[in-house]
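Participant: Prediction below, plus the sequence it came from.
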Amino acid sequence: MSHRICYHHLAISFPSKELEKSYPAGRLAWERSYYRTWSVIEYGNDTRIMESAVRSAAFCEGGHMRLYGERYTYPESYIRRIRNVLANAVHFKEARGYGFSLAAELELNLSHPCEDALTSINLHVNPKEQNGKQYWPLSPLDNPLHAALLMLYGRSIDTRPTFMVMAADGPRFKNAARNFFHRPLKHGRLKPGHDQSDDVAA
């Protein structure tokens, strides 16, 4: 039976003061999966990310997903992992320094999109068109304004699952970014896992 192995998780924080928007501190939750590539599993505030974690944890119940180093991962363990990852979120500027990159494309796929959202995003980002569909390319890690637009208006424009909206990349092995995998944690060691480099990762 095929299943997904989650090697590392990372939460990236976008503080509202730095985004200059009246939006609760936004975050991205990242996951490095069995073939050692990064994907974005959710974006928004902590509540939204935890709601997504609870839904994803159901895959652990049937043995379709497990954390690296474990033969079987209980749903509660996966949820605890994401909660710990959020508590140790990395600032978006710091994440960029570790070698992470993030590209987003908001696609207009609603028949009645929020007009305020369209007006605001068109003021700052030139839309593009492909295959008859309009979309806006964003670089949240490089441009705080793009991060704010994503957090504020992303779901008012694009209803696709998060992994279809954003593409992520980052260090895949410990020797590629030891300063990241061995960085000090703000709220203790992430569990479960074997050593700090496996638990914290990215």
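Facilitator: Received the coordinates, thanks.
Participant: Need the mean per-residue confidence for the longest helix along the chain.
Facilitator: Across the chain, the longest stretch assigned as helix under DSSP state H is helix 46-61. Mean pLDDT, computed over helix 46-61, is 91.
Participant: buried set for that helix?
Facilitator: Buried positions in helix 46-61, judged by neighbour count with 16 or more other Cβ atoms under 10 Å: Asp46, Arg48, Ile49, Met50, Ser52, Ala53, Ser56, Ala57, Phe59, Cys60. For every residue, glycine as well, the C-beta is placed using N, CA and C.
Participant: same thing with stretch 144-158?
Facilitator: Buried residues in stretch 144-158, counted by 16+ other Cβ under 10 Å: 144, 146-158.
Participant: okay if I get the residues you listed as CSV plus pLDDT and secondary structure?
Facilitator: Shown next, in CSV, are those (pLDDT from 0 to 100; DSSP: H, G, I helix; E, B strand; the rest coil):
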residue, pLDDT, secondary structure
Pro144, 90, helix
His146, 92, helix
Ala147, 91, helix
Ala148, 90, helix
Leu149, 92, helix
Leu150, 92, helix
Met151, 90, helix
Leu152, 89, helix
Tyr153, 91, helix
Gly154, 92, helix
Arg155, 90, helix
Ser156, 91, helix
Ile157, 92, helix
Asp158, 93, coil
